[in-house]
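Novice: My questions are about this predicted structure, shown below with the sequence.
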Amino acid sequence: ATACIVSSIRFKENIEPLRDSLEKVLKLNPVGFTYKPELDHSVVKGKKRIGLIAEEMLLVEPRLVGYESDEATPRTIDYESFTALLTGAVQEQQKKIEELEERIKQLEE
């Protein structure tokens, strides 16, 4: 069975909209990389990958960072939850586009 994140509102409380998603996304630095050989457990060793750096995410959106067992050393990024941040960023960008289109329309009239 595939594990899935519980998303129904009936399981959640303290719900609040994300703010400044676009600003946060624009601060991130997507990178290409390979895992160090001793950490590469993939079928194709040395495979070029893309992703983000946990230490950089820590500065932008700490809720998306997972830690080593010492609970102090960043280890991973919660890419499933990152989708919500990206969705918020797209919505904010779309709102700005619509405002600019309206402004252009007013200037043309």
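Specialist: Sure thing, it's come through.
Novice: For Thr76, which non-adjacent residue is closest in space?
Specialist: Gly66 (4.1 Å; C-beta to C-beta, 6 or more residues apart in numbering). No exception for glycine: its C-beta is placed from N, CA and C like everyone else's.
Novice: Now stretch 91-109: buried residues?
Specialist: Glu92 (16 or more other C-beta atoms under 10 Å).
Novice: can you give me how far it is from the chain middle?
Specialist: 26 Å (C-alpha atoms, centre = their mean, to the nearest Å).
Novice: pull the longest helix from this protein.
Specialist: Secondary structure of the chain per DSSP state H: the longest helix is helix 79-108.
Novice: From the contact counts, what lies against that one?
Specialist: Helix 79-108 sits against helix 21-27, with contacts defined as 3 or more C-beta pairs under 8 Å, 6 or more residues apart in numbering; DSSP states H and E.
Novice: just checking, what packs against the helix it packs on?
Specialist: For helix 21-27, the packing partners by 3+ C-beta pairs under 8 Å, 6+ apart come out as helix 54-60, helix 79-108.
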